[in-house]
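> model the following, please.
(2 chains)
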Amino acid sequence: MIRVEGLVKDYPMAGDTVRALHEVTFEIPTGSLAAIMGQSGSGKTTLLNLLAGLDGPTAGRYWLNGRDVSAFGVVEWSRERNRTIGFVFQAFNLLPSMSALGNVELPLVYRRVPPRQRRERAQAALEAMGLAHRAHHRPTELSGGQQQRVAIARALVGDPPLLLADEPTGNLDAETGDEILNLLAALNRQGRTIVIVTHSAEVAARCQLVLRMRDGRMLPAAAGGGA
Amino acid sequence: MTWADSLRTAWAGMWSSKLRALLTMLGVIIGVAAVITLVAIGNGASQAVASRIETLGTNVLFVTPGPGTPFTTRQVAYIRDNTPVARVVVPLLNSGGQLSVGTSTLAAPVVGTTPGYQALGAIHLAAGRFLVPADITFNRDAVVLGANVSQALFGAGNPVGAHVSLLGQRFTVVGVLQPVGQGPGTSQDNSVFIPLPVAQFLLSTQNLSAVLVGASSPTAASQAQDLLTNLYTNRFGSASSVTVASEDQVLATLSATRATFTNLLAGTALISLVVGGIGIMNIMLVSVTERTREIGVRRAVGAVPEDVVLQFLLEAMVLSLTGGALGVGAGLVMVHLAPLFLKTPAVFTPSAVVLAFVFSTLVGLVFGLYPAVKASHLHPIDALRHSG
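Next up is the predicted model:
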């Protein structure tokens, strides 16, 4: 699903450049439940941004879902995110002015799905998350766990093959976090590739594939657990 | 994202913060209402001028002294002697004065003139008589009231024989004119007429405001105009010392002045519309900053920069157009209320609505563009990381 070769990312900083990623190379096969693990400052967020096309690499190559996306521009990446990648954030990032249903519909809006059809699909996605009865509530009226499930419904509504989750349990208590992880694991068993970025060893332990990062470098796979 | 979706989002956004949206639109509402109201008042004034065209007939010339030109009663004889085509020559001394009867008072234009004024054919009596030669000869304190003046001071009653106080003198009402039109200001319905010598005495002047020359035909009027222009240019050495103009020309000048006035009013109103646009831009910039995170989320789920531009541009336009629509409503109310408070006619023109709408659309486009483009340039990572 994801193959990366010699990925480098430099940031200009006060007339100098700081290298956030040093020639990172790895592969995440389709159908994996993978964790990218590292302390803050290890470069894992930078890597996630590059994988999502939210930022461009300084050097290196990237194949996503079998296609070379290294040279993608802003518009191509927008389309790619819309169709291939579902996003789950630590802070949920639901739009407060919209109902849960409206939030879940959002990716379909940018895919130009007609209103009635996208309403039905969003409703179905919420149902799958066990939130059908909360469809018309605003995010602020929902608990943290519910908000994150709405966010997962939003990530899944367009049926993307890849789910990128950035510290999805970071803002949740242990029990709710566990529920979310169970949910992600279940989605993985249905065949979806899931990549979780985390600093937590506990979360990483739930994954089959663990990529460890430190100081902008990928540590040898031998150091990880997993399958 | 389609237009319909952007529009729905923009509308919902406005509806969710009604007070803020209303305050943002206020500038445009006031601007549009001002354009419609002020253009209507300007038009009303112009039409009032136009309605006077018929008042004095088209064969009448105005001979008016320039500032500083000595122009006394002797000019009447001078003009009569030198202008054989003139049918009537009537001196005018225009002034203003406070009329009072008992406790009721009224400010009105006061015209000092001679019985010849009636021969111009513009006035018709409702009661009594106009000024007669004896009024001039014996300096009688006689006054003829315009229809509105009579109505205001005496109501429906017949005031002939009653006394009014004017310019510190007690006058006897000798006649009342029939109403001619709805013109405000100096229309003869609102004026009073007194004998010229009496007016000159009370105002302590020998000068005249103008001499009216009535010819028997437009051709004769035109001849008389050329003749008098030459005569006065030779006599005073300058064409501007005394102006000789037909009533049409006077009205044309007056209309041009009114048009300038209307344009000035409309221009002022348009400026307030532009200020309203700046208000919208201000709030849109705040909105972009407040919703940085939303922009990041939208970009993350697949919005291209054009989608973001469209969204914010449409929001600005929804604000300015809703403001425009409310402004048109407010303007229509004002057009109906203005005549009651300002005592000036207001004539509504649909083109003012079109003008106001076109401008409020432009205002939304122009002032919405910068915030919208700014929003689309936000880097999605920075936008997502933005706290708030």
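
> go ahead and confirm residue B:308 touches residue B:297.
No. Counting by CB atoms under 8 Å, residue B:308 stays clear of residue B:297, with 11.2 Å between them. From N, CA and C alone the C-beta is placed, and that goes for glycine too.

> so which elements touch the helix or strand that contains residue B:93?
Residue B:93 belongs to strand B:86-101 when assigned by DSSP states H and E. Contact partners of strand B:86-101 among helices and strands, from 3 or more CB pairs under 8 Å, 6 or more residues apart in numbering or on different chains; DSSP states H and E: helix B:74-82, strand B:104-113, helix B:116-119, helix B:147-154, strand B:163-166, helix B:196-202, strand B:210-215.

> tabulate the ones you listed (a markdown table), appending mean neighbour count and distance to chain A.
Written out in a markdown table, the entries for the helices and strands packed on strand B:86-101 read as follows (neighbours: other CB atoms under 10 Å in any protein chain shown; distance: least, CB to the nearest CB, whole Å):
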| stretch | mean neighbour count | distance to chain A |
| --- | --- | --- |
| helix B:74-82 | 16 | 79 |
| strand B:104-113 | 18 | 60 |
| helix B:116-119 | 20 | 74 |
| helix B:147-154 | 20 | 60 |
| strand B:163-166 | 19 | 70 |
| helix B:196-202 | 21 | 74 |
| strand B:210-215 | 24 | 70 |
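
> just want the most central residue of chain A.
Centroid-nearest residue in chain A, with CA atoms, centre = their mean: residue A:164, separated by 1.5 Å.

> any idea how many residues pack against residue 25?
Defaulting to chain A. Summarising burial for residue A:25: neighbours were counted as other CB atoms under 10 Å in any protein chain shown, giving 12.

> to clarify, I was referring to chain B.
Neighbours of residue B:25 using other CB under 10 Å come to 27.

> same deal with residue A:197?
The number of residues packed around residue A:197, counting by other CB under 10 Å, is 26.

> same question for the one 3 residues further on.
The number of residues packed near residue A:200 is 15, by other CB under 10 Å.

> quick one: secondary structure of the residue nearest to it when sequence neighbours are not counted?
Counting by CB to CB, 6 or more residues apart in numbering or on different chains, residue A:169 is the residue found nearest to residue A:200 once chain neighbours are left out, at 7.4 Å. When the structure is split into helix, strand and coil by DSSP: H, G, I helix; E, B strand; the rest coil, residue A:169 lands in coil.

> residue B:234 and residue A:216, how far apart?
Applying CB to CB, to the nearest Å, one obtains 100 Å for the distance of residue B:234 from residue A:216.

> let me see the contact set for residue A:145.
Shown in contact with residue A:145 (CB atoms under 8 Å, 6 or more residues apart in numbering or on different chains): A:172, A:176, A:179-180.

> adding pLDDT, write these out as a markdown table.
Putting those into a markdown table (pLDDT from 0 to 100) gives the following:
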| residue | pLDDT |
| --- | --- |
| A:172 | 89 |
| A:176 | 91 |
| A:179 | 91 |
| A:180 | 91 |
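
> ok, which residues in chain A are in contact with chain B?
A:49, A:52, A:54-55, A:74-75, A:78-79, A:81-83, A:87, A:89, A:93-95, A:97, A:106-107, A:109-112, A:115, A:154 (CB under 8 Å from any CB of the partner chain).

> looks to me like the residue nearest to the centre of chain A is in a strand.
Yes. Assigned with three-state DSSP, residue A:164 falls within a strand.

> may I have the beta-bridge partners of it?
With DSSP bridges applied, residue A:164 shows beta-bridge pairing to residue A:87, residue A:195.

> can you check residue A:10 too?
Under the criterion used here (DSSP bridges), residue A:10 is bridged to residue A:19.

> that older thread, the residue nearest to the centre of chain A touches residue A:47, doesn't it?
No. Contact between residue A:164 and residue A:47 fails when scored by CB under 8 Å: they sit 10.5 Å apart.

> mind jotting down where the helices sit in the stretch 201-350 of chain B?
If you assign secondary structure with DSSP state H, counting those that start in this stretch, the helices in the stretch 201-350 of chain B sit at B:218-236, B:247-290, B:292-300, B:305-342, B:350-376.

> which residues are common contacts for residue A:164 and residue A:47?
Counting by CB under 8 Å, 6+ apart, the shared contacts of residue A:164 and residue A:47 are residue A:197.

> which secondary structure element is home to the residue nearest to residue B:273 when sequence neighbours are not counted?
Counting by CB to CB, 6+ apart, residue B:31 is the residue found nearest to residue B:273 once chain neighbours are left out, at 3.2 Å. Here residue B:31 is covered by helix B:18-51, with elements defined by DSSP H and E.

> any idea of the mean pLDDT in that helix?
Taken as a whole, helix B:18-51 has a mean pLDDT of 82.

> can you check stretch A:31-49 too?
For stretch A:31-49, the per-residue pLDDT averages 90.

> residues in contact with residue 101?
In the absence of a named chain, chain A is used. Residue A:101 sits next to A:119, A:122-123, A:126, A:135-136 when contact means CB under 8 Å, 6+ apart.

> oops, wrong one, chain B.
With CB under 8 Å, 6+ apart, residue B:101 has these contacts: B:153-154, B:162-165.
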